[in-house]
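*Asks:* sequence first, predicted model second:
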Amino acid sequence: MEKILKAKLYKKQLLSDAFDYNAQVIFEGEIDIEGVVEELIKDNNDLNRESILDIISKFNQKTADMIFTGHTVNTGLVTINPAIKGPFNEKKWNPLFDRLEATITQGPDLEKAISETNVELNDENNELLGLFNPEEERKIMNASKNLSKYQIPYHNTPVEPACGIAFRRWLCGS
């Protein structure tokens, strides 16, 4: 299944420069775990809905237990770490400021999904501007940056930046 994420450009209200637009994802709706399971069953009729929901529920509970006993859990989709946030005055827990939470970073499965996703970009009038694969474009940009460091410079003398020239003139009076 080709993944296409639709986004719409909108003009920033307070700025007027070359970067005066942001993109906002056009959401297609919400889906909960049962909806995901229904989609799985559509893809493969051999699956049992109750069994899948039971396994996911047990997996989620075990994952939460492992996280909050001091483990980092990598599900493939995300990596989850326990964290304690807030300042500690007088070495005491203050429930107004201190809290226990989980930090989540994307895992390899999510990174792979991102790299396979195309972005359909529309302007303010919903006219299509193009279909982009940000990961492919990032690879092209990185490759061109890497090539530029292997280019032979035109001269061997270091180039002093303008601020360095101004500083030297001020300091030395030259």
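*Replies:* Okay, I see it.

*Asks:* tell me the contacts of the residue most central in space within the chain?
*Replies:* For the chain, the residue nearest the mean C-alpha position is Gln106 (7.4 Å; Cα atoms, centre = their mean). Gln106 sits next to Leu77, Val78, Thr79, Ile114 when contact means Cβ atoms under 8 Å, 6 or more residues apart in numbering. Glycine gets a C-beta too; all of them are placed from N, C-alpha and C.

*Asks:* okay if I get the residues you listed as a markdown table plus pLDDT and secondary structure?
*Replies:* Output for the contacts of Gln106, formatted as a markdown table (pLDDT from 0 to 100; DSSP: H, G, I helix; E, B strand; the rest coil):
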| residue | pLDDT | secondary structure |
| --- | --- | --- |
| Leu77 | 95 | coil |
| Val78 | 96 | strand |
| Thr79 | 96 | strand |
| Ile114 | 89 | helix |
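
*Asks:* for Leu40, state which of these is nearest.
*Replies:* Nearest to Leu40 among the contacts of Gln106: Leu77, at 14.4 Å, using Cβ to Cβ.

*Asks:* what about this structure, any weak spots by pLDDT?
*Replies:* Scanning the chain for pLDDT under 70 picks out 1, 15-18, 144-174.

*Asks:* identify the bridge partners of the residue nearest to the centre of the chain.
*Replies:* Note on Gln106: beta-bridge partners Val78, judged by DSSP bridges.

*Asks:* how close does it get to Asn22?
*Replies:* Counting by Cβ to Cβ, to the nearest Å, the separation of Gln106 from Asn22 is 21 Å.

*Asks:* okay, now Thr105: neighbour count?
*Replies:* If you count neighbours by other Cβ atoms under 10 Å, Thr105 ends up with 12.

*Asks:* fine by me, thanks again.
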